[in-house]
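# coords please:
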Amino acid sequence: MVKIRAFFQKKDIIFSGKRYGIDALSAMAQGLFCTLLVGTILDTLGKQLGIGFLQATLVTIGKGEGAVSYTIGGLASAMVGPGIAVAIGYALHAPNLVLFSLIPVGFAANAMGGAGGPLSVYFVAVVASEFGKLVSKETKIDLLVTPIVTILVGIGFAYLVAAPIGAGAYAVGQAVMWATELQPFLMGVLVSVIVGIALTLPISSAAICAAFSLTGLAGGAAVAGCCAQMVGFAVMSFRENRWGGLVAQGVGTSMLQMPNIVKNPRIWIPPTLASAITGPLATCLFRLEMNGAAVSSGMGTCGFVGQIGVYTGWVNDVASGVKAAITPMDWIGLALICFVLPAVLSTVFCQVLRKWGWIKENDLKLDL
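Okay, here's the model as predicted:
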């Protein structure tokens, strides 16, 4: 047992919640961002701004009715499986040969996982990475052994679990979206608060939303919750962090406040209360839906990806005939839910807690 433990330590295989639940999940979100999300943004820019090279077909795969044409954005989006797998391998400190072998593994897992492909890739990439690390540099023919083991284990495991994981993830997402349509107020509160909290915690709300294909009204509630956390912390901590903190949290991530939350959990109350209000407003009053890429639901105002995702959904809905046009009310709702209400509500709640002595001077100070 001691020898096995020493071998795992030498191979940098650490069975921990941080390694798999934080590092790997955060890497999954980065892989999603650099492929699916960036691809979606490029396609949207190409169509809306009339940028020729972004709309041009670069390659067509297949023939006849089954042919699929790809733009630059389409090619980027198509690589979501490999992107996630390589990102996870990198987070798990996989050696080069393991890392590169995860490209076909990720593609296979995503394809086999169907609508829940991203979550399937997560589990498969973790297993393939660790098995690849076990054999890496253990033989004189490492150039053959490591890629073969990584690919066989990865695709074999994907064959066994990708479809069930994908189907399960999709079913959960559909259940949440169905419940939100059925009970928009209650689910608006729950989804907004839970996803918003996940965004501030050192885990990935974007990866969670992508894994469960969270779109529609539930996606809109998720956007509301994420914006409440990011904009809320950015504005209510302005006196301590000034403009640098405003940008870092409002366009970057509210996760920067985690060290301060650990010291004084009460600072989390204002943005969380704000999310409990903006969530049901998004679902019941403004009917704010995220019909773009599901990963955008968990991004909030990070690079304004959440807002771009909502806009992309509007454009797609108009193009398909589901929506007649983008209305002024749509824009008003987006502005209020994503920016105005989180800023105002969080500031008001924060001022109350400052008067009560629950939040003291410099409790929100960032080390920027």
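# so, low pLDDT: which residues of this protein?
368 (pLDDT under 70).
# where's the residue nearest to the spatial centre of it, which helix or strand?
With distances taken as C-alpha atoms, centre = their mean, A206 lies nearest the centre of the chain, 1.5 Å away. A206 is part of helix 205-211 when elements are defined by DSSP states H and E.
# wait, doesn't the residue nearest to the centre of the chain sit right on G303?
No. Counting by C-beta atoms under 8 Å, A206 does not reach G303; the two are 11.1 Å apart. Where you see a C-beta, it was placed from the backbone N, CA and C, and this is true even at glycine.
# show me what the helix holding A206 is packed against.
Secondary structure elements in contact with helix 205-211, counted by 3 or more C-beta pairs under 8 Å, 6 or more residues apart in numbering; DSSP states H and E, are helix 24-32, helix 117-135, helix 184-200, helix 216-236.
# just the ones you listed: most buried one?
Burial of the helices and strands packed on helix 205-211 is given as mean neighbour count (mean count of other C-beta atoms under 10 Å); helix 216-236 ranks first at a mean of 32.
# looking at the chain, which helix is longest?
The longest helix of the chain (DSSP state H) is helix 142-182.
# residues near V38, how many?
Close neighbours of V38, defined as other C-beta atoms under 10 Å, add up to 18.
# which residues touch the residue nearest to the centre of the chain?
Shown in contact with A206 (C-beta atoms under 8 Å, 6 or more residues apart in numbering): A29, L32, F33, V295, S296, S297, G298, M299.
# quick one: which of these is nearest to Y159?
Checking the contacts of A206 against Y159 with C-beta to C-beta, the nearest one is L32 at 22.9 Å.
# grab the nearest non-local neighbour of the closest one.
Distance criterion C-beta to C-beta, 6 or more residues apart in numbering; nearest residue to L32, sequence neighbours excluded, is V295 at 4.7 Å.
# OK, contacts around S296?
37, 40, 206, 209, 219, 223, 290, 305-306, 308-310, 312.
# now do the SS call for it.
Following DSSP: H, G, I helix; E, B strand; the rest coil, the label given to S296 is helix.
# the helices and strands packed on helix 205-211: which one's closest to T327?
helix 216-236 (15.4 Å).
# from the contact counts, what lies against the closest one?
Applying 3+ C-beta pairs under 8 Å, 6+ apart, one finds that helix 216-236 contacts helix 142-182, helix 184-200, helix 205-211, helix 238-247, helix 269-280, helix 305-320, helix 341-356.
# what's in contact with the second one?
Just to be clear, that refers to helix 184-200. Applying C-beta under 8 Å, 6+ apart, the external contacts of helix 184-200 come out as 176, 179-180, 204-205, 208-209, 214, 217-218, 221-222, 224-226, 228-230, 233, 253-255, 257-258, 261, 268, 271-272, 275-276, 278-284, 297-298, 300.
# redo that, cut-off 6 Å
Helix 184-200 is contacted from outside by 179-180, 205, 208, 218, 221-222, 224-226, 228-229, 254-255, 275-276, 279-280, 283-284, 298, using C-beta atoms under 6 Å, 6 or more residues apart in numbering.
# what is the burial count for the residue nearest to L32?
Counted with other C-beta under 10 Å, V295 comes out at 32.
# ok, F7 next?
Per other C-beta under 10 Å, the neighbour tally for F7 reads 12.
# which of the helices or strands spans it?
Short version, using DSSP H and E: F7 is in helix 2-10.
# and for F15?
F15 belongs to no helix or strand when assigned by DSSP H and E.
# phi, psi for it please.
phi -90, psi 90 (degrees, to the nearest 10).
# same deal with M299?
Main-chain dihedrals, M299, degrees, to the nearest 10: phi -100, psi -20.
# which residue is the nearest non-sequential neighbour of it?
Closest residue in space to M299, ignoring its immediate chain neighbours: V305 at 3.9 Å, by C-beta to C-beta, 6+ apart.
# next: P104.
For P104, ignoring the flanking residues on the chain, the nearest one in space by C-beta to C-beta, 6+ apart is I151 at 5.8 Å.
# wait, isn't the one you found in contact with S101?
Yes. I151 is within contact range of S101, at 5.3 Å (criterion: C-beta atoms under 6 Å).
# give me the more crowded residue out of those two.
More crowded of I151 and S101, by other C-beta under 10 Å: S101, with 27 against 19.
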